[in-house]
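# After the sequence you'll find the predicted model.
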Amino acid sequence: MKVLICETHEAAINRTAELIETQVRSRPRTVLGLATGGTMEPLYRRLSELHRASLSFAGVVTFNLDEYVGLSPDHPASYHSYMQERLFDHIDIDPQNAHLPRGDAADPRAEADAYDRRIEEAGGIDLQLLGIGRNGHIGFNEPTSSLNSRTRIKTLTRSTREANRPYFDAGTEPPAYAITMGVGTILDAKHCLLLATGASKAPAVAAMVEGPLSAACPASALQLHRKATVVLDQAAAAELR
Ligand code: F6R
């Protein structure tokens, strides 16, 4: 695992964007795995700027990590809407090439199985972008997730639902379930690139990088990956020894 500690939050965002830019320029038909959440918002703004300055995503294929079960793509708090508003509306990606699990599928389990097949048919993920939850989750693989798991339905922990509450209207309960790529699905990517910023992530980052390999911290599975890059700002790196 390669750990890059950047001086500032902005530097961590720019470094992550550069790594994605290098990948897309060297292989315009890259298959990118994408994440959502607050950490990714400035990164997607930076990628949109790079697009305006010449970086094309026209040949890129994307697969997002997860989507809430029960939300249709046009629900304002769905990850479809998040991606559309924060990235896809600002770059030249072909909408046919941008994939997210359908949270409103009649059979969410079948949708999860089909999602893994779609990733395989696309040739697998070249670069998987990841954030990390305060409890060490990656995607929505909450603690105790099997390190070998595939795309499936997961029950979200109370802490994750609380962390996601700001995206939902007051009085609306965040969904209890999500379709998420499994830890095993994530580890199949040729390169995993995890971005973590801010002091609230410092304990989870320390557990991921220096803790035992354990389902108690699903992100620690990245210790097994032959090409995992972790980009941190100083605050997120503060608990590393
Ligand atoms: C969402 C996802 C999650 C987030 C994590 C951190 O697609 O993959 O694992 O990356 O919950 O979220 P933020 O960035 O909001 O702290």
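That came in fine, so what should we check first?

# So which residue is dead centre in the protein?
Closest to where the C-alpha atoms of the chain average out (C-alpha atoms, centre = their mean) is Ala35, at 2.5 Å.

# Give me the distance between the residue of the chain most remote from its centre and the ligand.
The C-alpha centroid of the chain is most remote from Gly171, which lies 26.9 Å away (C-alpha atoms, centre = their mean). Distance of Gly171 to the ligand, given as C-beta to the nearest ligand atom, to the nearest Å: 21 Å. (Each C-beta comes from the backbone N, C-alpha and C, glycine too.)

# Next one: the residue nearest to the centre of the chain, what pLDDT does it get?
Looking at Ala35, its pLDDT stands at 98.

# can you give me the strands in this protein?
Using DSSP state E, the strands of the chain run over 2-6, 31-34, 61-64, 66-68, 98-99, 127-130, 152-155, 177-180, 191-196, 228-233.

# want to try CSV for those, with mean neighbour count as columns?
Converted to CSV, those look like this (neighbours: other C-beta atoms under 10 Å):
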stretch, mean neighbour count
strand 2-6, 15
strand 31-34, 24
strand 61-64, 22
strand 66-68, 26
strand 98-99, 19
strand 127-130, 25
strand 152-155, 18
strand 177-180, 25
strand 191-196, 24
strand 228-233, 24
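
# So for the ligand, which of those strands sits nearest?
Minimum separation from the ligand across the strands of the chain (C-beta to the nearest ligand atom) falls at strand 66-68, 4.9 Å.

# pLDDT-wise, which helix or strand of this structure ranks last?
Taking mean pLDDT, DSSP states H and E as the measure, the chain has helix 158-164 as its least confident helix or strand, at a mean of 90.

# gap between whatever residue of the chain ends up closest to the ligand and Leu65?
Nearest residue of the chain to the ligand, counting by C-beta to the nearest ligand atom: Gly131, 2.4 Å away. Note on Gly131: its distance to Leu65, by C-beta to C-beta, to the nearest Å, is 9 Å.

# which ones are touching the residue nearest to Leu47 when sequence neighbours are not counted?
Spatial nearest neighbour of Leu47, excluding adjacent residues (C-beta to C-beta, 6 or more residues apart in numbering): Ala17 at 5.7 Å. Ala17 is in contact with 43, 46-47, 50, counting by C-beta atoms under 8 Å, 6 or more residues apart in numbering.

# one more time with 10 Å
Counting by C-beta atoms under 10 Å, 6 or more residues apart in numbering, Ala17 touches 42-50, 55, 195, 231.

# Enumerate the residues of the protein near the ligand.
Proximity of the chain to the ligand, by C-beta under 6 Å from any ligand atom, involves residues 35-39, 65-66, 131-133, 137-139.

# Thr185 is in contact with Asn141, correct?
Yes - using C-beta atoms under 10 Å, Asn141 makes contact with Thr185 at a distance of 9.4 Å.

# Can you check which residues contact both of these two?
Shared contacts of Asn141 and Thr185 (C-beta under 10 Å, 6+ apart): 65, 149, 152.

# For PyMOL, write the select line for the buried members of the contacts of Ala17.
In PyMOL syntax, the buried subset of the contacts of Ala17 is picked out as below (16 or more other C-beta atoms under 10 Å):
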select buried, resi 42+43+44+46+47+48+50+55+195+231
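
# can I get the contacts of Ala17 in JSON lines with pLDDT?
Shown next, in JSON lines, are the contacts of Ala17 (pLDDT from 0 to 100):
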{"residue": "Pro42", "pLDDT": "98"}
{"residue": "Leu43", "pLDDT": "99"}
{"residue": "Tyr44", "pLDDT": "98"}
{"residue": "Arg45", "pLDDT": "98"}
{"residue": "Arg46", "pLDDT": "98"}
{"residue": "Leu47", "pLDDT": "98"}
{"residue": "Ser48", "pLDDT": "98"}
{"residue": "Glu49", "pLDDT": "98"}
{"residue": "Leu50", "pLDDT": "98"}
{"residue": "Leu55", "pLDDT": "98"}
{"residue": "Leu195", "pLDDT": "99"}
{"residue": "Val231", "pLDDT": "99"}
